[in-house]
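In: take this sequence and fold it.
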Amino acid sequence: MARTVEIGNREIRVDGNPVQILSGAMHYFRIHPDYWRDRIVKLRQCGLNTLESYLAWNVHEPKEGEFDFSGGKDFSRYFELAAAEGLMVIVRPGPYICSEWDLGGLPAWLLAKPGMRLRCMNKPYLDAVEHYLDAIIPQLRRLQWTAGGPVIAIQLENEYGAYGNDHDYLRFLQKKYREGGITVPLFTSDGADDTMLRCGTLPDVPATVNFRNHPVENLKRLEEFRPTDPPFVMELWDGGAHHWGNLYPEHDAEAVRQDVREVLEHRFHMNLYMFHGGSNPGFMNGANEWGGRYGAMLSTYDVDAALREEGDPTPKYFAIQEEIKRFHPEANIGTPTSLPKRAYGEIPLTEFVALDEALPMLSSPVPVAAPETMEHFGQAYGFILYRTKVAVKPGVYPLRLDQLRDRAIVLVDGRIAGILDRNSSPCVCQISIPPGGAELEILVENMGRINYGSEMEHERKGITGAGFFAYLHLFGWEVWPLPLEDLSRVAFQPLAGTPPPVPAFYRGCFTIDEEPCDTFLAVPGGGRGCLFLNGTNLGRYWQIGPQRTLYVPAPLLRRGKNEIILFETQGLGEPLVRSLARRDFGPCLKMQI
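Out: Numbers count the residues shown, from 1 in each chain. This is a model prediction of the structure:
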């Protein structure tokens with residue numbers, strides 16, 4: 001008998017039988033691949049029958065034309081593990097995913113293309129999208145339900161009605177999937193708003209909606225817009241995203257219980273966003289902009305989900321499980337177990353090298369007349385250093401940075417003279433030029449590209465110019481791209497005395513004598529920087545919080561010697577890293593319903 005998935009008359013039928021989709025969002029690219037099965041089992045044990053995941057284009061094509069589906073990027077294996085647990089799968093391949101992920105999953109190299117306009121019928125964009133879809137569609141074709149796999153539905157785009165209204169673009173995506181042999185249903189998801197729904201979907205493509213709280217009320221809007229579509233909340237938000245400088249938000253477990261109960265008793269369909277958030281590894285976090293103010297996301301993507309970043313169940317998990325058990329006693333429910341955690345104590349950082357000394361080990365200078373963005377140099381993530389000589393009359397001068405994206409350490413003759421960010425208004429600091437002139441350096445950090453809204457098209461990183469007195473442009477620069485993808489060539493020296501307050505790399509080692517356990521790393525004396533463990537970039541730390549620890553899955557640790565490297569941009573107050581058995585996000589903020 002042929003396997004089928006059919007959507008119509010407010011029903012979803014799988015192999016001819018009506019089903020209620022109870023799904024959880026969980027992204028393979030945010031979970032260590034050794035833990036994929038652990039998290040999938042816990043999703044099934046909660047009583048859910050479906051796994052949902054985005055595909056992240058920038059993970060699979062970090063450089064144009066170079067695709068990677070190996071190791072932790074092998075989404076086919078991830079979905080096959082879900083199938084082995086008896087789960088169906090919903091895939092949301094983008095091209096745009098939002099998801100608090102850098103540029104919403106779009107590759108940064110798109111921004112270097114002349115004439116680029118994102119998410120519309122723009123030829124440079126469509127050509128790139130077509131190559132991406134040509135790489136993933138054969139895998140999805142093999143994985144779809146109608147071919148014997150677990151994938152029951154595929155999303156066309158993501159929340160397109162909050163961005164544009166180019167229905168020809170949506171038709172282009174639909175055509176690519178159908179011509180590529182995708183026969184399972186396609187769908188769209190948007191906010192529960194009439195304008196977003198009208199702009200974001202097509203008449204012959206089922207629509208779903210995204211919101212927090214009150215499913216009955218919000219799904220009425222979908223019914224009014226599309227009376228025959230199944231009532232499906234594709235993102236039932238059970239938590240919230242985190243930004244640096246704000247308290248960690250929590251969404252009440254009982255409010256989530258009430259949402260799930262409404263879904264179950266009315267036979268709605270749901271996808272919990274997120275069921276398990278995981279991490280934003282390395283430099284992959286996104287950012288938001290509200291009213292001209294920029295806010296970067298954290299390195300954690302815990303988002304107060306049912307499963308914590310480290311995979312531990314929360315009160316929400318058990319509240320959801322109890323409601324599913326009540327309405328679906330046949331569900332394959334089980335008892336989740338937590339993985340062991342361990343504190344490995346204080347880890348002294350005993351070696352040091354200033355950034356100025358490390359530059360030739362990490363990069364090569366590129367001479368330019370005026371500063372250009374990261375993308376101009378083919379760089380996507382990390383830092384970029386601009387250096388020039390200033391020979392003017394001795395005195396104190398205002399230095400203006402044009403289009404700073406996102407944070408700059410200004411150094412004069414190797415000493416920090418100021419710190420600016422893109423929210424600085426004006427983006428000016430005072431610098432002192434001694435007799436004989438000075439060497440001016442500007443170290444700029446890409447803190448994460450905006451992942452939502454119209455400003456995404458302008459998210460080129462670095463600076464475009466620097467001037468004195470708001471009129472005199474400085475020309476004659478050398479630029480050092482610093483993606484920090486490989487630190488193996490950095491030659492450290494013993495750290496003697498108090499470390500100087502300059503951008504620098506620090507190194508320390510610790511030994512594990514038994515099988516490693518999960519742990520959390522804190523940098524109590526850190527200002528702002530990023531932490532590398534055994535060559536893996538775990539993410540960022542910042543004294544303003546709320547994230548005070550970085551999660552370390554045990555597979556990243558080794559029995560025996562382990563290496564930690566910090567890149568500290570402001571100066572390290574205390575040269576040590578602390579390993580803890582529990583995460584620390586500081587005080588919490590209760591979210592309002």
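
In: can you name the residues bridging to residue 348?
Out: residue 576 (DSSP bridges).

In: quick one: contacts for it?
Out: 508, 575, 576 (C-beta atoms under 8 Å, 6 or more residues apart in numbering). In short, each C-beta sits where N, CA and C put it, glycine included.

In: confirm for me that the last one is in contact with residue 508.
Out: Yes: counting by C-beta atoms under 8 Å, residue 576 does reach residue 508; the two are 7.3 Å apart.

In: need the residues touching each of those two.
Out: With C-beta under 8 Å, 6+ apart as the test, residue 576 and residue 508 both reach 347, 348, 349.

In: and the first one, how far is that from residue 533?
Out: By that I understand residue 347. In this view, residue 347 and residue 533 are 10 Å apart by C-beta to C-beta, to the nearest Å.

In: one more: the last one?
Out: Between residue 349 and residue 533 the distance, using C-beta to C-beta, works out to 13 Å.

In: out of these two, which sits in the more crowded spot?
Out: Legend: neighbour count by other C-beta atoms under 10 Å for residue 349 and residue 533, higher for residue 349 (24 against 19).

In: any idea how far residue 383 is from that one?
Out: 20 Å.

In: give me the buried positions along the lengthiest helix in the chain.
Out: For the chain, the longest helix by residue count, based on DSSP state H, is helix 123-143. Within helix 123-143, the residues that count as buried by 16 or more other C-beta atoms under 10 Å are 125-126, 128-129, 132-133, 135-137, 139-141, 143.

In: which pair in these spans the largest distance?
Out: Longest distance between any two of the buried residues of helix 123-143 is 26.1 Å, between 125 and 143; criterion C-beta to C-beta.

In: coming back round to it: any common contacting residues for residue 347 and residue 533?
Out: Contacts common to residue 347 and residue 533, judged by C-beta under 8 Å, 6+ apart, are residue 564.

In: any chance you could map the helices in the chain?
Out: 36-45, 57-60, 75-84, 123-143, 167-179, 194-200, 215-225, 253-265, 315-327, 355-362.

In: could I get these as TSV with distance to residue 528 and mean pLDDT?
Out: Listed next are the helices of the chain as TSV, based on distance: least, C-beta to C-beta, whole Å; pLDDT from 0 to 100:
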stretch	distance to residue 528	mean pLDDT
helix 36-45	30	98
helix 57-60	24	98
helix 75-84	33	98
helix 123-143	33	98
helix 167-179	39	98
helix 194-200	36	97
helix 215-225	39	97
helix 253-265	33	97
helix 315-327	32	98
helix 355-362	14	98
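
In: tally of neighbours for residue 162?
Out: Using other C-beta under 10 Å: residue 162 sits among 18 other residues.

In: so for it, what's the pLDDT?
Out: Per-residue confidence (pLDDT) for residue 162: 97.

In: I'd say it and residue 200 touch.
Out: Yes: contact status for residue 162 versus residue 200: in contact at 7.2 Å, counting by C-beta under 8 Å.

In: overlap in contacts of those two?
Out: residue 190.

In: how is this structure carved up into domains?
Out: 21-327, 345-350+495-590, 354-482 (automatic domain parsing).

In: hey, which of those is tucked in deepest?
Out: The highest average neighbour count among those, using mean count of other C-beta atoms under 10 Å, belongs to domain 21-327 at a mean of 20.

In: off-centre distance for that one?
Out: Relative to the centre of its chain, domain 21-327 is centred 12 Å away, using C-alpha atoms, centre = their mean, to the nearest Å.

In: can you pull the contacts of the closest residue to residue 565 other than its chain neighbours?
Out: Nearest non-adjacent residue to residue 565, counting by C-beta to C-beta, 6 or more residues apart in numbering: residue 532, 4.3 Å away. The contact partners of residue 532, taken as C-beta under 8 Å, 6+ apart, are 487, 538, 564, 565, 566, 567.

In: so what's the last one bridging to?
Out: Here residue 567 shows beta-bridge partners residue 505, residue 530, assigned using DSSP bridges.

In: measure it to residue 299 for me?
Out: Going from residue 567 to residue 299 by C-beta to C-beta gives 14 Å.

In: mutual contacts of those two, please.
Out: Counting by C-beta under 8 Å, 6+ apart, residue 567 and residue 299 have no shared contacts at all.

In: low-confidence stretches in this structure?
Out: Within the chain, the stretches with pLDDT under 70 are 592-593.

In: in it, which residue is most central in space?
Out: residue 101 (2.8 Å; C-alpha atoms, centre = their mean).

In: what's the closest non-adjacent residue to that one?
Out: Closest to residue 101 by C-beta to C-beta, 6+ apart is residue 286, at 5.0 Å.

In: same question, residue 499
Out: Nearest non-adjacent residue to residue 499 (C-beta to C-beta, 6+ apart): residue 572, at 5.3 Å.

In: measure that neighbour to residue 403 for me?
Out: 30 Å.

In: would you confirm that residue 189 contacts residue 162?
Out: No: Residue 189 lies out of contact with residue 162 (C-beta under 8 Å); the separation is 10.4 Å.

In: picking that back up, let me know the closest of the buried residues of helix 123-143 to residue 219.
Out: Using C-beta to C-beta, the buried residues of helix 123-143 come closest to residue 219 at residue 140, 27.9 Å.

In: hang on, that closest one packs against residue 182?
Out: Yes: if you go by C-beta under 8 Å, residue 140 and residue 182 touch, sitting 6.3 Å apart.

In: perfect, I'm done here.
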